[in-house]
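**Student:** got a sequence here, can you model it:
(4 chains)
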Protein chains: 4
Amino acid sequence: MKAPDFPSPSIWHAHRVSYGETDTMGYLYYGEYLHVFERARSAYFRTIGMSYNEVEAKGFLLPVREASLRYRRPSRYDDLLYTRCAVSEISRASLTFVYGIYAEDREELRVTGFTQHALTDRGGRPVRMPDWLKDCVARVPDGEVVLV
Amino acid sequence: MKAPDFPSPSIWHAHRVSYGETDTMGYLYYGEYLHVFERARSAYFRTIGMSYNEVEAKGFLLPVREASLRYRRPSRYDDLLYTRCAVSEISRASLTFVYGIYAEDREELRVTGFTQHALTDRGGRPVRMPDWLKDCVARVPDGEVVLV
Amino acid sequence: MKAPDFPSPSIWHAHRVSYGETDTMGYLYYGEYLHVFERARSAYFRTIGMSYNEVEAKGFLLPVREASLRYRRPSRYDDLLYTRCAVSEISRASLTFVYGIYAEDREELRVTGFTQHALTDRGGRPVRMPDWLKDCVARVPDGEVVLV
Amino acid sequence: MKAPDFPSPSIWHAHRVSYGETDTMGYLYYGEYLHVFERARSAYFRTIGMSYNEVEAKGFLLPVREASLRYRRPSRYDDLLYTRCAVSEISRASLTFVYGIYAEDREELRVTGFTQHALTDRGGRPVRMPDWLKDCVARVPDGEVVLV
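**Tutor:** Reported below is the predicted structural model:
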């Protein structure tokens, strides 16, 4: 999952490992990476001046259907991580994000994974992907770094 | 905060410390105790066959206004804790819960604290404490142990 | 992932959804399920009077290498969930757990998934699976329900 | 707790509210603020090129003895918060941090609180505050803003 293999556009999101996120082993707890994925996903939308809040306000929800993680190297308290995040697939009914979490040097890979999201209305019924949501993806500035 | 000082009725709620709740020090992370308090608070309502869900369904919210914790001894992964929980004060506009988190023997005190809650409607405006909510407290079975 | 497909022995672990585990959608947050998996995994060892603490005390760590989750139906605050948990594969160098999270009726499936763990020493170097760890799995009482 | 009342030096730490930190009410969960406090505390040390890691590496731990929070206004998903953080008291045996969490404008106050920490060795025994730790506080650049 080196740079050339990553879908384009992709963004980078910085995350500092807090003490509360670590466990007795001294590692960033394995469940916390799904929070880190989510933070990168939110940052992805913010790069085009959009918030996932607005997606919800328009009546669309993006509940997660599937998530997968591969843990390569551990992270520790105070590590500065960079999450690379992109949309790898957008279909009529679902959206897939891929993630690569790197050390501060953005070279050493720590965790990779993906999340697949359904598109539903507020009642949880599947709805068709609107064009404006597809257009959002095209407008994401490739390589943008989001600090907060 | 020995037994005699604790308001009556009080209930006990069991909590097993998970790996993900601990930190690099090997201790239950200090912020997790507010989750443990909340679990005991929910159990308090469940002892009278009521859920905080129903409080909300009736249009009442109990947002926290103040929280205070005193950490006496650390807890570790796999410890079985018992939280004693009672309402210490119920006024026109607020409700105060007190907590004592104990080791498995229910003698060794780990953490004490309180949370004070306002009573508001869904729009966040203060409302007067209804009698049925006061009555709930009187009906709690003193000494009940809630495992899950 | 009905009962017949589940490896044997398997255990059940009860988990009550707390308010703090839910999100703005009103659902149990997708990352929290990895905590629920971990709680079931710990309960699995406890059914034979063993703690993961002891595994660590003997110098073995079981860091997660891979995790995968499929979200079928959402869970909400105060739901009582039952996690079925079993070891699906045990090799020279790794251990795989499978999970099925069910509603209170233990019929309605909410989330399924697996976690694969390497076996390492304290320095993070891979070590060979000791026989006593394999024997542990054989001793787990099939169908046991762990409440806390 | 306006600017003039805040001890000097103080720093600001930015925090973006994630979806996973919110609850069914749509608010940042009350227990998460202790994580936000901790992030600000860590940032405080980082402003002088120091990590709490180094404090621990020198054999000192700063376990929390007491924590107190006052919740003034709720925060929601995607809010950008700024935490002001300062040491309000440093004695022979303990260290007290005060916090003010503000909205993005750094005017609207959301949560205030403090944490009091003991100073112990690795075995949990109280030790005397070393001069270098006191000196750290004096070197913190007043008004510094830490983004990540």
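
**Student:** got phi/psi on the residue nearest to the spatial centre of chain A?
**Tutor:** In chain A, the centroid-proximal residue (C-alpha atoms, centre = their mean) is residue A:41; its distance is 3.4 Å. Main-chain torsions, residue A:41, degrees, to the nearest 10: phi -60, psi -40.

**Student:** and it, how far is that from residue A:85?
**Tutor:** 6 Å (C-beta to C-beta, to the nearest Å). Backbone N, C-alpha and C define where each C-beta goes, glycine included.

**Student:** what sits in contact with each of these two?
**Tutor:** residue A:97 (C-beta atoms under 8 Å, 6 or more residues apart in numbering or on different chains).

**Student:** quick one on the thing from earlier: how about the residue nearest to the centre of chain A, nearest residue that isn't a chain neighbour?
**Tutor:** Among residues not flanking residue A:41 along the chain, residue A:97 sits closest, at 5.6 Å (C-beta to C-beta, 6 or more residues apart in numbering or on different chains).

**Student:** next: residue A:30.
**Tutor:** Nearest one to residue A:30, counting by C-beta to C-beta, 6+ apart, is residue C:64 at 4.5 Å.

**Student:** which residues of chain A score low on pLDDT?
**Tutor:** For chain A, the stretches with pLDDT under 70 are A:1-4.

**Student:** which residues of it lie near chain D?
**Tutor:** A:14-16, A:18-20, A:34-35, A:38-39, A:42, A:46, A:51-53, A:77-78, A:80, A:147-148 (C-beta under 8 Å from any C-beta of the partner chain).

**Student:** for chain A, what spans make up the strands?
**Tutor:** A:10-16, A:64-71, A:80-90, A:94-102, A:109-118, A:145-146 (DSSP state E).

**Student:** let's have these in CSV, adding mean neighbour count and distance to residue B:90.
**Tutor:** Formatted as CSV, the strands of chain A follow (neighbours: other C-beta atoms under 10 Å in any protein chain shown; distance: least, C-beta to C-beta, whole Å):
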stretch, mean neighbour count, distance to residue B:90
strand A:10-16, 22, 42
strand A:64-71, 21, 40
strand A:80-90, 20, 46
strand A:94-102, 22, 47
strand A:109-118, 20, 44
strand A:145-146, 16, 46
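
**Student:** might you enumerate the residues of chain A proximal to chain B?
**Tutor:** A:19-20, A:22-24, A:26, A:29-32, A:76-77.

**Student:** one more time with 7 Å, if that's ok
**Tutor:** Selection of chain A residues close to chain B by C-beta under 7 Å from any C-beta of the partner chain yields A:19-20, A:22-24, A:26, A:29, A:31, A:77.

**Student:** any idea how far residue A:25 is from residue D:61?
**Tutor:** 17 Å.

**Student:** equivalent analysis for residue A:84, please.
**Tutor:** 35 Å.

**Student:** ditto for residue A:69
**Tutor:** 31 Å.

**Student:** pipe the residues of chain A next to chain B into CSV and attach neighbour count and distance to chain C per row.
**Tutor:** Supplementary listing: the residues of chain A next to chain B in CSV, determined by neighbours: other C-beta atoms under 10 Å in any protein chain shown; distance: C-beta to the nearest C-beta, whole Å:
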residue, neighbour count, distance to chain C
A:19, 21, 17
A:20, 24, 13
A:22, 25, 13
A:23, 22, 10
A:24, 23, 8
A:26, 14, 11
A:29, 26, 8
A:31, 26, 3
A:77, 22, 16
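
**Student:** closest to chain D out of the residues you listed?
**Tutor:** residue A:20 (4.8 Å; C-beta to the nearest C-beta).

**Student:** the closest one touches residue D:35, doesn't it?
**Tutor:** Yes. The criterion here is C-beta atoms under 7 Å, and residue A:20 meets it with residue D:35 at 4.8 Å.

**Student:** thinking again about what came up before, what's the residue nearest to residue A:30 in contact with, if anything?
**Tutor:** A:30, A:71, C:115, C:117 (C-beta atoms under 7 Å, 6 or more residues apart in numbering or on different chains).

**Student:** what's near enough to touch the residue in chain A sticking out farthest from the centre?
**Tutor:** Most distant residue from the mean C-alpha position of chain A: residue A:24, 26.2 Å away (C-alpha atoms, centre = their mean). Going by C-beta under 7 Å, 6+ apart, residue A:24 touches B:19, B:22, B:26, B:77.

**Student:** try it again at 10 Å.
**Tutor:** Neighbour list for residue A:24: B:17, B:19-28, B:76-78, C:52-53, C:56 [criterion: C-beta atoms under 10 Å, 6 or more residues apart in numbering or on different chains].

**Student:** related to what we said a few turns ago, what touches both of residue A:20 and residue D:35?
**Tutor:** In contact with both residue A:20 and residue D:35: B:29-32, using C-beta under 10 Å, 6+ apart.

**Student:** contact residues of chain A facing chain C?
**Tutor:** Residues of chain A that fall close to chain C, judged by C-beta under 10 Å from any C-beta of the partner chain: A:23-25, A:27, A:29-38, A:52-53, A:56, A:61-74, A:111, A:113, A:115-118, A:122, A:124.

**Student:** so which of the contacts of residue C:64 comes closest to chain B?
**Tutor:** Out of those, the member with the shortest distance to chain B (by C-beta to the nearest C-beta) is residue A:30, at 7.9 Å.

**Student:** that closest one - how many residues pack around it?
**Tutor:** For residue A:30, the neighbour count with other C-beta atoms under 10 Å in any protein chain shown is 27.

**Student:** I figured residue A:15 was touching residue A:78, is that so?
**Tutor:** No. With contact defined as C-beta atoms under 10 Å, residue A:15 does not reach residue A:78; the gap is 11.6 Å.

**Student:** if we can go back for a sec, and the strands of chain A: which comes nearest residue B:129?
**Tutor:** Of all the strands of chain A, strand A:64-71 sits nearest to residue B:129, with 39.1 Å by C-beta to C-beta.

**Student:** tell me the angle of that closest one relative to strand C:64-71?
**Tutor:** Angle, strand A:64-71 to strand C:64-71, by axes from the mean of the first three to the mean of the last three C-alpha atoms, to 10 degrees: 180 degrees.

**Student:** which residues does the closest residue to residue A:72 other than its chain neighbours bridge with?
**Tutor:** Take residue A:72 and drop its neighbours on the chain: the residue closest to it by C-beta to C-beta, 6+ apart is residue A:109, 5.4 Å away. Beta bridges link residue A:109 to residue A:102, judged by DSSP bridges.

**Student:** could you do the one 4 residues further on as well?
**Tutor:** As for beta bridges, residue A:113 partners with residue A:69, residue A:99 under DSSP bridges.

**Student:** against chain C, how distant is residue A:85?
**Tutor:** 16 Å (C-beta to the nearest C-beta, to the nearest Å).

**Student:** one more: residue A:136?
**Tutor:** 20 Å.

**Student:** got it, and residue A:129?
**Tutor:** From residue A:129 to chain C the distance is 19 Å (C-beta to the nearest C-beta).

**Student:** just residue A:133 next, same as before
**Tutor:** The value you get for residue A:133 to chain C, if C-beta to the nearest C-beta is used, is 18 Å.

**Student:** pull the number of nearby residues for that residue.
**Tutor:** Residue A:133, neighbours per other C-beta under 10 Å, totals 16.

**Student:** I'd say it and residue A:52 touch.
**Tutor:** No. Contact between residue A:133 and residue A:52 fails when scored by C-beta under 10 Å: they sit 11.1 Å apart.

**Student:** so what sits against both of the two?
**Tutor:** Common neighbours of residue A:133 and residue A:52 (C-beta under 10 Å, 6+ apart) are A:60, A:62.

**Student:** please list all residues in contact with the residue lying closest to residue A:108 once chain neighbours are set aside.
**Tutor:** Once flanking residues are discounted, residue A:108 sits nearest to residue A:102: 6.2 Å by C-beta to C-beta, 6+ apart. Contacts for residue A:102 (C-beta under 10 Å, 6+ apart) come out as A:1, A:12, A:73, A:75, A:80-84, A:108-112.

**Student:** which pair of those spans the longest distance?
**Tutor:** It's A:1 and A:80 that sit farthest apart of those, by C-beta to C-beta, at 19.7 Å.

**Student:** which phi and psi values does residue A:9 adopt?
**Tutor:** Per degrees, to the nearest 10, the backbone of residue A:9 is at phi -80, psi 150.

**Student:** no further queries at this time; thank you.
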